[in-house]
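J.: have a look at this prediction, sequence included:
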Amino acid sequence: MQQQLRRNKLRLGDLLVENKIITAEQLQAALIHQKQTGTKIGQALVTLGLVTEEKLHGFLAQQRRKVRIGDALVNEGIITEEQLQKALAEQKKTGKKLGQTLAYLGIMPEQKFLEFLSQQLDVPFVDLKQINISADIFQKIPETMARRFRAVALAEGADGILVGMADPTDIFVFDELTRLMKRPPRVAMVSESDLLRVMDRMYRRTDDIREQAKALGEELGDASFSIDQIVQSEMVVDAPVVKIMQSLFEDAIQMGASDIHIEPDETLLRIRQRIDGILNEQIVKEKQIAPALVSKIKLMAGLEIAEKRLPQDGRFNMKVRDRTVDVRVSTLPTQYGESVVMRLLDQSSANLDLDRVGMDAYILRRFRYYIERPHGLILVTGPTGSGKTTTLYGALNALNVAERKIITIEDPVEYRLNRINQVQIHAKIGLTFASVLRTVLRQDPDVVLVGEMRDRETAEIAIKAAMTGHLVLSTLHTNDAVSTAIRLVDMGAESFSVASALRCILAQRLIRRVCRDCARPYLPEEHEQILIQGMLGQDSPDTSRMLRGAGCSQCNQSGYRGRIAAIELLEVKGELARALSRGDTGGFIDVARQQRGYVPLPHAAMQFALRGLTTLEEAMKLTTELDDPEEMAEAAPTTKPAVAS
Ligand SMILES: [Zn+2]
């Protein structure tokens, strides 16, 4: 009995230490006090002023609740005692929450657990995916606090602010929030993963950027500063500039932006981010900060700061929130100053997985089949921003094993990959695609990636390499798969060589995906019905699954989140290869259209729309673009690399 009691006493003290309510030293002091006075450990702590009575009671209540929720699940027959014990054992190892542990073990989905918990605690459950939060309300809790406490302000009413908490039983967070808001908040329960995502969307850095720009603008004075003065006074303005840079990058990473554009205009500075292929703009009034910002970027990228009449290219690494982002910088002199575009490349190889390109299962299987052949030419086509770089790197990543030698010839090298020999093109000193490719073939490679086939010479060497035991991957700036083969012949390659080297052509485009959190059924209007029918050549296509995003906090009110790849795959074999070999363009096109599994890009996009993955507008945008090849040619500068997305 005595022993049992002692163990209990010890446990409370240990629990308090474990939960960082008191330190181990404080516990020792309390234990000594307890020995001297014979009081309970809790009382000893309160007497010594190490913890308030309120806090202690709150903690005990919380501990009881923790025990109860697991038992309650068992009592209600939702989980078995064995499952609970298994989860508790796992929880001890990982330190994760019970709900997450149960979900991880596949015992019950987290959402179900949260709903049950909210019932037990008599706290409402709020589905963050379903609500819109105003930015004003959200700002009631500063970001650092919100992140530490896992709590966000959701709404304000006469009876206080409604706060969504990942753990509504957390008394200490409740105390802190009460102090912050000067009255106890109303509490709702939210899913932790949704909470983290909402925080990323809502705590934008735009306000920080505006304020930092203002501060720097004041420091710099009027716009009459010359760039040399700014470079000379660099020590003075460096800190605020670094702050703006940090905010810019944090915001871009949070928003999943692929590029940051810094564009000085006549009277203002424009900062734009490309998110899911679409530019988002922020206006900064302090135009005079532009030269300081641009100088800092140029300095970081190792460019000539004083050279402002010529375009320059460079790159640097930046650490943002524990992630290393590779930044490729391009500057361009414009009428109101230098414009800078920074492309952000996340170097984690997880992004270079073929499965993440968003290919249809059949196409992915066929594409994998071809890249695993020992030789042949595989082409991936599409304009800048079509995601073809991601597809090609994904293929390289899949092939990258010790038994294969892989060499790439790129302009520029986008991602750095282990074990792969990557060569940067440098035309000025004679390192062209053709010259490097010739050398590379003497290096005994198994796989060669040729960044782009721009000229006849490169095409001819690549075709020859593909016919002599190498797997060659490359890109061409063409509209679709069918025109790619024809273009290759038009470039001057022999049609029978093209036919025997070429294995498959993959043409792709990225289209925006309907936000899954605010998707609503969409009933197409009559003229839209006719349009879909005409395009697919079907009498009454099933439009019952079509969706459109209403706009929510998860998608920045755009109704879209993320992108999917519309892909057209043409396998060059059989009758198709024979037509190509004869140089019979018309026959080639006819056979291509009948090939099994061949779905033209506009059809692929329209199928996505019918399946509710994208909207009719997005699908139509692609069709319009394909109908206007001149636009495509303009949008496809041959010196620009493909964009990873
Ligand atoms: Zn949404």
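T.: Structure received. Every value quoted in this text rests on a predicted model; they were computed, and no experiment measured them.
J.: go ahead and flag the most central residue of this structure.
T.: Closest residue to the average C-alpha location of the chain: Gly256 at 4.5 Å, with CA atoms, centre = their mean.
J.: tell me the phi and psi of the nearest residue to Thr23 once chain neighbours are set aside?
T.: Of all residues not flanking Thr23 in the chain, Val17 sits nearest, at 6.8 Å (CB to CB, 6 or more residues apart in numbering). C-beta here means a position set from N, CA and C on the backbone, and glycine is covered the same way. The phi and psi values for Val17, taken as degrees, to the nearest 10, are phi -70, psi -50.
J.: gap between Val17 and the ion?
T.: Separation of Val17 from the ion (CB to the ion, to the nearest Å): 44 Å.
J.: oh, and call the first residue 550 from now on, that's how I've got it
T.: Renumbered: residue one is now 550, and that last one reads Val566.
J.: what sits against that residue?
T.: Thr572, Ala573, Leu576 (CB atoms under 8 Å, 6 or more residues apart in numbering).
J.: so what pairs up with Ala1056 in the strands?
T.: With DSSP bridges as the criterion, Ala1056 is bridged to Thr930, Glu1117.
J.: report how many residues lie close to it.
T.: 27 (other CB atoms under 10 Å).
J.: can I assume it is in contact with Pro1151?
T.: No. Shown here, Ala1056 and Pro1151 do not form a contact pair, counting by CB atoms under 8 Å, at 11.2 Å.
J.: distance of Leu986 from the ion?
T.: Using CB to the ion, one gets 46 Å for the distance from Leu986 to the ion.
J.: picking that back up, make CSV out of the contacts of Val566 and add neighbour count and distance to the ion.
T.: Listed next are the contacts of Val566 as CSV, based on neighbours: other CB atoms under 10 Å; distance: CB to the ion, whole Å:
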residue, neighbour count, distance to the ion
Thr572, 12, 45
Ala573, 12, 47
Leu576, 21, 49
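J.: which strand or helix spans the closest residue to Glu630 other than its chain neighbours?
T.: For Glu630, ignoring the flanking residues on the chain, the nearest one in space by CB to CB, 6+ apart is Val623 at 5.3 Å. Val623 is part of helix 602-624 when elements are defined by DSSP states H and E.
J.: next: Ala788.
T.: Under the criterion of DSSP H and E, Ala788 resides in helix 783-804.
J.: number of residues surrounding Lys678?
T.: The burial count assigned to Lys678 is 17, neighbours taken as other CB under 10 Å.
J.: whatever residue of the stretch 600-749 of the chain ends up closest to the ion - nearest residue in space that isn't next to it in sequence?
T.: In the stretch 600-749 of the chain, the residue found nearest to the ion is Lys678; the distance is 8.0 Å by CB to the ion. Closest residue in space to Lys678, ignoring its immediate chain neighbours: Asp1066 at 4.0 Å, by CB to CB, 6+ apart.
J.: Arg858 now?
T.: With CB to CB, 6+ apart as the criterion, Arg858 has its nearest non-adjacent residue at 5.6 Å, and that residue is Pro882.
J.: what pLDDT does the model give the one you found?
T.: According to the predicted model, the pLDDT of Pro882 comes to 95.
J.: flag every residue of this structure that's near the ion.
T.: Counting by CB under 5 Å from the ion, the residues of the chain lying close to the ion are Cys1064, Asp1066, Cys1067, Gly1098, Cys1101, Gln1103, Cys1104.
J.: return the subset of those lying in strands.
T.: Assignment to strands by DSSP state E places the following of the residues of the chain next to the ion there: Gly1098.
J.: now, the most widely separated pair of the residues of the chain next to the ion?
T.: In the residues of the chain next to the ion, two members sit farther apart than any others by CB to CB. They are Gly1098 and Gln1103, at 9.5 Å.
J.: and the residue nearest to the centre of the chain, what's its pLDDT?
T.: Predicted confidence (pLDDT) at Gly805: the value is 82.
J.: Met956 falls within a strand, correct?
T.: For the record, residue 956 is Ile, not Met. Yes. In this structure, Ile956 lies within a strand as judged by DSSP: H, G, I helix; E, B strand; the rest coil.
J.: that one is in contact with Val989, isn't it?
T.: Yes. With contacts defined as CB under 8 Å, Ile956 counts as touching Val989 at a distance of 4.9 Å.
J.: list the residues that contact both of these two?
T.: With CB under 8 Å, 6+ apart as the test, Ile956 and Val989 both reach Val972, Val997.
J.: what are the ranges of the helices in the stretch 650-799 of the chain?
T.: When secondary structure is read from DSSP state H, counting those that start in this stretch, the stretch 650-799 of the chain shows helices at 659-670, 684-687, 692-698, 720-730, 741-751, 755-769, 776-781, 783-804.
J.: residues of the second one that come out buried?
T.: Within helix 684-687, the residues that count as buried by 16 or more other CB atoms under 10 Å are Ile686, Phe687.
J.: from the middle of its chain, how far away would that helix be?
T.: The chain centre lies 25 Å from the centre of helix 684-687; the measure is CA atoms, centre = their mean, to the nearest Å.
J.: contacts for that helix, please.
T.: Residues from elsewhere that reach helix 684-687, judged by CB under 8 Å, 6+ apart: Val701, Ala702, Leu703, Ala704, Glu705, Ile710, Met751, Tyr752.
J.: the first one against Met694, yeah?
T.: Spelled out, that is Val701. No. Because the distance of 10.0 Å does not satisfy CB under 8 Å, Val701 is recorded as not touching Met694.
J.: between these two, which is the more surrounded one?
T.: Remark: of Val701 and Met694, Val701 carries more neighbours, 29 against 13, as counted by other CB under 10 Å.
J.: and that one, what's its pLDDT?
T.: What the model reports as pLDDT for Val701 is 92.
J.: contacts only, for it.
T.: Val701 makes contacts with Ile682, Phe687, Ile690, Ala695, Val712, Gly713, Val739, Leu744, Val747, Met748, Met751, as judged by CB under 8 Å, 6+ apart.
J.: ends of stretch 975-988, how far apart?
T.: Across its full length, stretch 975-988 reaches 14 Å end to end, with CA to CA, to the nearest Å as the criterion.
J.: next, count neighbours for the residue nearest to Lys678.
T.: Close neighbours of Asp1066, defined as other CB under 10 Å, add up to 19.
J.: which residues does it contact?
T.: For Asp1066, the set of contacting residues under the criterion of CB under 8 Å, 6+ apart consists of Lys678, Gln679, Cys1101, Gln1103, Cys1104, Arg1110.
J.: any chance of the contacts of Val701 in CSV, plus pLDDT and distance to Ile974?
T.: Rendered in CSV, the data for those read as follows (pLDDT from 0 to 100; distance: CB to CB, whole Å):
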residue, pLDDT, distance to Ile974
Ile682, 80, 48
Phe687, 84, 47
Ile690, 89, 51
Ala695, 89, 47
Val712, 93, 55
Gly713, 93, 52
Val739, 91, 50
Leu744, 89, 46
Val747, 85, 44
Met748, 85, 42
Met751, 80, 43
